[in-house]
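Undergrad: one predicted model, sequence on top.
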Amino acid sequence: MSDARMRYELETPATVLKHFNVIEEKGLSADAVEKQRAVHGFNELDKEEGTPLWKLVLEQFDDALVKILLGAAAVSFVLAYFEGGEEEGISAYVEPLVILVILVLNAIVGVWQESNAEAALDALKDLQPENARVLRDGEMITVPARELVPGDIVEIRVGDKVPADIRLISMKTTAIRVEQAQMTGESTSVNKDIDALPKGTENVIQAKTNLLFATTVVVNGLGRGVVTEIGMKTEIGKIQQSVQEAAEDEESTPLKKKLDEFGELLSKVIGVVCLVVWIINYKNFFDPSHGSVLKGCIYYFKIAVALAVAAIPEGLPAVITTCLALGTRKMAKKNAIVRKLPSVETLGCTSVICSDKTGTLTTNEMSCVTFSHPGKSDTELITYDVEGHTYAPIGKVEGTPLSHFKTTVSSLAKICALCNESAIEYKDGKYVRVGEPTEAALKVLVEKIGLPDDAAKQAEFASLQKSNPAKAVQFCNEYWQEQNKKLAILEFSRDRKSMSVLCSKTGQSSGPATRSSTVHQNVLFVKGAPEGLLDRCTNIQLADGSIKKLSAEGRQVILAQVSNLARKSLRCLALAKKEELGELASYDGDRHHPAHKLLENTEEFAAIESGLTFVGLASMLDPPRPEVRPMIETCHTAGIRVIVITGDNKLTAESICRKIGVFTDTEDVSHKSFTGAEFFALSEAKQVEYLMEKNGNGMVFSRTEPKHKQQLVKMLKQQGEVTAMTGDGVNDAPALKQADIGIAMGITGTEVAKQAADMVLADDNFATIVSAVEEGRAIYNNMQAFIRYLISSNIGEVAAIFFTAALGLPEGLIPVQLLWVNLVTDGPPATALGFNPPDKDIMTKPPRRSDDVLINGWVFFRYMVVGIYVGLACVGVFAYWYMFYDASGDGHTLITFEQLTHWTKCHEWKDFKVNNFDGMDFSSDPCKYFTEGKRSASTLSLSVLVAIEMFNALNALSEDGSLITMPPWSNPYLLIAMVVSFGMHFLILYVDVLADTFSVTPLDFNEWLVVLAFSLPVILIDEVLKFVGRRIHARELEARLSAEKKHQ
């Protein structure tokens, strides 16, 4: 048995059987099965080992900001341990413990999110069938599907899920049809046959009409095939491999990239600044007040560590997560379920939406949109438009009032109802099909046409539609079935391209006992491809029901209508009947009837279906969702390109794209519409040129395979596009995983697609994406606001510590206070900034590029100015208390600036004395005035920092808008957050236990006035900077408009 790979679809059944050394009637022997299994293994998809928990945990700490915090925590632990005599118990370790708690909580969230990442692969395994009917040693047996091997002879029948990739070798029915839309994106089931394909046939799934693919479903027929591929070598296995590769290639979101870059930069800046602060104090290492040079080094090292704690926005990860979570709640209310939090922000910079067609842009519910029948002569056709685009039997038929039910319309409805093996059901409030999509569309058409002039039946129908939709769903179809009982079915075959049913006219059959005395006038109803069926039509039924000879001119009129419908990418079926049936006229379904032998011989079907009477045409399509066109127009306005990627044929795809607005009606699409094979046959330079051509609104790729979708998404990402991919099928999973954001359909989508996606549309409404993109843009703008707010606050803290060290002042802000500010008091306002109302023109601006900077030069300058003021204010109020402040009446001693900046030398000062106050005694050691006695000054400094950051949050309401035009109450959540933050600050000031932990003391009214005096100027400073910013932007806009005008 050869292992050589061959294209099985190009070989005859005999050649394929010979390749596997197997006989169709016997199958493989037990020994042959074992030999094959030894080579190929079991028929199952690979089970990927999940990432160990310990590895997921470690990955959460592989981040620049986290590493800085870990380092700070480690140093703090060491310093706390060696200085344990100064503080007792757990209070000595508050700072490092708080840092570690933050890191652990962030790690827990990260692990929880990532533990669900590979669920898509498990969903793929669930698609595989459990059992298969296989011929082995001449006996047909049922075995678990995983035990199949290449060369096995497998029987497949209607309803089966195909257990492996199979080459069809024989058919027991005239036709076998397979539903493979979830694999290929084709909107209708596919006819399969056993013939070898021509050698030049393109190597794509859709062209392989003699192969059955694992996990697809047989919707019609019975046959046998030989297993060609199993497990990971099947097409579904290749999809799993693609999902795995896409998961490995998964990149960070644009926001995470920016934050990572910021973290790397911050780590370098912090390292340099800390080193500079430590070095500029090297002279103070030798100060006798420290006890030794080593202790002096350690003291200033602690200041450097405090600087690191101040510089790191510890609360930023928590605020971002909170903001994204709030964004997901908003989106959920709009039916967009976000599975991965960062996807919320990624939506905001989406520049290209790659959309699957079938089931995404279209309903994936075949609908009859027009039907035609002859008028007063055979050269006249009357055409009706049909409303509705789902399987719901609701919609008007233009021009057919029930009170004037035409004879030919009645005949057409009868053929659609009876020449049909499908059904429509009403389940859980939804209309669903059972059987072929095309036949289901005809069933729905019958319900829309309604009943002939039968008042009683019409009244019953109307009543049932209101009271019992499940029973009314096929009322009209059942009416015709009662009128004409089915006696036999002449199944579809590829050579005839038609199928027919033999029916009795009365609905009663006499049976053998009365055959001699009663002649039944049976009728044959036929539907099929128009060209082939018209060749077998000799007559035509006119609008009044009369039968006339079909003339050559009449035939041309019908064919012209068929061509016109084809140009609109409508699938057209011809409907006909035959009443002169010879022996079959009296056939009653009895196997002993003389005419029964005609129905057993499929070669006689073409002769039976000759001499037909043409009744009409029915045209259908998988219609676009009605909400899609305005959504695409909105995308175009927002600068978002729409690229359609489908497995359907080229003409159908182009037609749909014109209907939904991807292309205009007259647009030249020669460089915008390609099959997958055509596009990837081009040079790489041409591929990029056409793909990045932005004239017009989009592109369409048809006859694509899963690998094509994934390659297109990868190419777009390489060109700097932020790509969203929508889809619902198994075939979409690799591309959904590859895209910056994968969007799956929640109702029609497979579990595989949902698990691979970042977001699921609960209502399958493509327009929901627009709302999600708008929300994503608003969230990003708000995130910029709070990120800038937090960063400017941290710059202020760094400036405060730097000025303290540079001037040689006592330490005004200690690390645990800075942690409290960064995590607790800054958190609520930063989170509340996520509720800023979106700009009204947010969807008229082009999407930002993924490499746009988070903070540009002007914004950085602004926040440096604000940050420097924050530092000066904090240091200034600290010095103010020592040098000028005596309004509190506590009796503390005022000193000079010279004394304050050289406080470490106070042991050398002669006759230096300070007053005792607040229960503190400095009689024995006046120098403690600068350590233990600084509590009030430190509290003022901390309070100024908190107050400034609250006012700075008001500044962050708008990047350039004044508080006059964007008042504080425009975001009431921010006002509430400020009250909460001040409340938390009051808590640590006025609760004794907390006051001792944070080394603060209660402030009186006069001291709060001082805090406000030092804090409020930050609003005036930022208002001036915003004014300058508005002038700069105005000049830039004027210059741009002037350049555009000059260009025009």
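TA: Thanks, I have the structure now.
Undergrad: quick check: Arg433 is in a strand.
TA: Yes. Counting by DSSP: H, G, I helix; E, B strand; the rest coil, one finds Arg433 located in a strand.
Undergrad: tell me which residues of the helix or strand hosting Ala456 come out buried.
TA: Counting by DSSP states H and E, the secondary-structure element that holds Ala456 is helix 455-467. Judged by neighbour count (16 or more other CB atoms under 10 Å), helix 455-467 contains these buried residues: 461, 465. Backbone N, C-alpha and C define where each C-beta goes, glycine included.
Undergrad: which elements pack onto whichever helix or strand comes after that helix?
TA: Scanning forward in sequence from helix 455-467 by DSSP H and E, the next helix or strand is helix 469-472. Judged by 3 or more CB pairs under 8 Å, 6 or more residues apart in numbering; DSSP states H and E, the packing partners of helix 469-472 are strand 423-427, helix 455-467.
Undergrad: returning to that earlier point: which residues are contacting the helix holding Ala456?
TA: Residues lying outside helix 455-467 but in contact with it, judged by CB atoms under 8 Å, 6 or more residues apart in numbering, are 402, 450-451, 471-472, 475-476, 479.
Undergrad: let's see 7 Å
TA: Outside of helix 455-467, the residues within contact range by CB atoms under 7 Å, 6 or more residues apart in numbering are 402, 451, 471-472, 475, 479.
Undergrad: write the PyMOL selection for whichever of those are buried.
TA: Burial among the contacts of helix 455-467 is assessed by 16+ other CB under 10 Å; the matching PyMOL selection reads:
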select buried, resi 451+472+475+479
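Undergrad: now the residue of the chain most remote from its centre: how far from Ile842?
TA: Of all residues in the chain, Asp911 sits farthest from the chain's C-alpha centroid, using CA atoms, centre = their mean; the distance is 75.3 Å. Here Asp911 is placed at a distance of 69 Å from Ile842 (CB to CB, to the nearest Å).
Undergrad: can you check Phe701 too?
TA: 30 Å.
Undergrad: tell me the SS of the residue nearest the centre of the chain?
TA: In the chain, the C-alpha closest to the average C-alpha coordinate belongs to Ile743, at a distance of 1.8 Å (CA atoms, centre = their mean). For Ile743, the reduced secondary structure class is strand; criterion used: three-state DSSP.
Undergrad: with neighbour numbers in mind, choose between Phe701 and Ile842.
TA: Comparing Phe701 with Ile842 by neighbour count (other CB atoms under 10 Å), the higher total belongs to Phe701, at 26 against 16.
Undergrad: what bridges to the more buried one?
TA: Going by DSSP bridges, Phe701 is paired in beta bridges with Ile645, Phe674.
Undergrad: next up, the contacts around it.
TA: 645, 674, 676, 679, 708, 712.
Undergrad: average pLDDT for the host helix or strand of the fifth one?
TA: Just to be clear, that refers to His708. Here His708, judged by DSSP H and E, is contained in helix 706-718. For helix 706-718, mean pLDDT rounds to 85.
Undergrad: buried residues in that helix, which are they?
TA: Buried residues in helix 706-718, defined by neighbour count with 16+ other CB under 10 Å: 706-717.
Undergrad: count of neighbours near Gly159?
TA: Using other CB under 10 Å, Gly159 has 9 neighbouring residues.
Undergrad: quick one, what contacts it?
TA: Contacts of Gly159 by CB under 7 Å, 6+ apart are Val218.
Undergrad: tell me the secondary structure at it.
TA: Using three-state DSSP as the criterion, the local structure at Gly159 reads coil.
Undergrad: the helices and strands packed on helix 469-472: lowest mean pLDDT?
TA: Taking the average pLDDT of each of those, the minimum falls on helix 455-467, with a mean of 77.
Undergrad: returning to what we had before: now, the most widely separated pair of the contacts of helix 455-467?
TA: Taking CB to CB as the measure, the contacts of helix 455-467 reach their widest spread between Leu402 and Lys471, a distance of 20.0 Å.
Undergrad: just the angle between the helix of greatest length in the chain and strand 741-745, please?
TA: Using DSSP state H, we find that the single longest helix of the chain is helix 768-807. Computed by axes from the mean of the first three to the mean of the last three CA atoms, to 10 degrees, the angle separating helix 768-807 from strand 741-745 equals 150 degrees.
Undergrad: make residue 1 into 15 and carry on from there
TA: Okay, using 15 as the starting number, the last item reads as helix 782-821.
Undergrad: so which bits of helix 782-821 are buried?
TA: Buried positions in helix 782-821, judged by neighbour count with 16+ other CB under 10 Å: 782-819.
Undergrad: just to revisit the earlier point, alpha carbons only: can I get the helix or strand just after the helix holding His722 in CSV?
TA: The first helix or strand that comes after helix 720-732 along the chain, using DSSP H and E, is strand 737-741. As requested, C-alpha coordinates have been extracted for strand 737-741 and formatted as CSV (Å, rounded to 0.1, in the frame of the first residue of the first chain):
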residue,chain,number,x,y,z
THR,A,737,-7.7,44.3,11.1
ALA,A,738,-11.0,42.9,12.3
MET,A,739,-12.3,39.7,10.8
THR,A,740,-16.0,38.6,11.0
GLY,A,741,-17.2,35.1,10.4
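Undergrad: all helices for the stretch 865-1014 of the chain, in order.
TA: Taking DSSP state H, counting those that start in this stretch as the criterion, the stretch 865-1014 of the chain carries its helices at 871-897, 911-915, 949-969, 986-1004, 1006-1011.
Undergrad: should've said the stretch 465-614 of the chain
TA: Counting by DSSP H, counting those that start in this stretch, residue ranges of the helices within the stretch 465-614 of the chain are 469-481, 483-486, 489-497, 544-549, 566-581, 610-614.
Undergrad: same thing with the stretch 215-364 of the chain?
TA: Using DSSP H, counting those that start in this stretch, the helices found in the stretch 215-364 of the chain span residues 249-263, 268-294, 307-325, 330-347, 356-361.
Undergrad: could the ones you listed be laid out in TSV, adding mean neighbour count and distance to Glu474?
TA: Written out in TSV, the entries for these read as follows (neighbours: other CB atoms under 10 Å; distance: least, CB to CB, whole Å):
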stretch	mean neighbour count	distance to Glu474
helix 249-263	20	48
helix 268-294	17	61
helix 307-325	21	80
helix 330-347	19	42
helix 356-361	26	51
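Undergrad: quick check: which of those is nearest to Val446?
TA: Smallest distance to Val446 across the helices of the stretch 215-364 of the chain (CB to CB): 24.5 Å, for helix 249-263.
Undergrad: per-residue pLDDT, Ala18?
TA: In this prediction, Ala18 carries a pLDDT score of 49.
Undergrad: returning to that earlier point: columns mean pLDDT and distance to Ile909 on top of the helices of the stretch 215-364 of the chain, output as CSV?
TA: Written out in CSV, the entries for the helices of the stretch 215-364 of the chain read as follows (pLDDT from 0 to 100; distance: least, CB to CB, whole Å):
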stretch, mean pLDDT, distance to Ile909
helix 249-263, 74, 64
helix 268-294, 73, 23
helix 307-325, 71, 21
helix 330-347, 75, 39
helix 356-361, 76, 51
